[in-house]
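A.B. asks: I'd like to go over a predicted model; first the sequence, then the structure.
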Amino acid sequence: MAEKKLAIIATKGTLDWAYPPFILASTAAALGYEVEIFFTFYGLQLVKKKLGLQVSPLGNPGMPMPMAMDKWFPVLGTAIPGMQSIMTMMMKSKMKKKGVASVGELRELCIEGGVKMVACQMTVDLFDMNSKEFVDGIELGGAATFFEFAGESDITLYI
C-alpha cells in the first residue's frame, strides 16, 4: 500500500493560528503520512528561528476570553494599545497550565518526524525577508513546488 500524503498551506502568523498546521502535521507524520507544509504570506512567521507570535483577538470574535469578557467587553476594546500583549500572555499562561506544547516544541516534532517545510519564495521576496531567519531545513519554493506535492496528496488543507 502506498504511503498516504498530507499537504498543508499555512497562511496565518499569529500564536493561535500556529497550532493547527503543526499539530496536524506532527500527528500525520506520527501516523506514517508523508507531510509537507507550504508557508506563505504571514505563515512565514511560523518558521522563523525566533518566534515572536502573538494572539490577535481583534477580528476573531469566536475567541473565548477570560472572565467571560467576550460577553461584555466590546470587540473594539481589543484594539486598545497593549491588549494584544495581554491576550498573548494570558493565552500562553493558559496553555502552559493545561500542558499544551509550545509552538516551538510542535515545530520541532514536525522536523524530527520528517515533515517537509517549504517557504514561499515569492512571499520571501515580496516582504524582503532573509531566509537565514528561518529554522534549518526550510526549503524555498514557489506555488509549483507545492502543487507538485499536493497534486499527489490524499488530503490538502488550507490553514
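C.D. replies: Arrived safely.

A.B. asks: residues in contact with the spatially most central residue of the chain?
C.D. replies: By C-alpha atoms, centre = their mean, the chain has its centre lying nearest to residue 18, at 2.7 Å. Residues in contact with residue 18 (C-beta atoms under 8 Å, 6 or more residues apart in numbering) are 12, 45-46, 51, 53, 103. For the C-beta atoms, the positions are set from N, CA and C on the backbone; glycine is no exception.

A.B. asks: Can you tell me which of the residues you listed are buried?
C.D. replies: 12, 45-46, 53, 103 (16 or more other C-beta atoms under 10 Å).

A.B. asks: Among those residues, which lie within helices?
C.D. replies: Among the buried ones among the contacts of residue 18, DSSP state H puts residue 103 in helices.

A.B. asks: is it possible to export the buried ones among the contacts of residue 18 to CSV including distance to residue 132?
C.D. replies: As requested, the buried ones among the contacts of residue 18 are exported to CSV (distance: C-beta to C-beta, whole Å):
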residue, distance to residue 132
12, 23
45, 15
46, 16
53, 19
103, 20
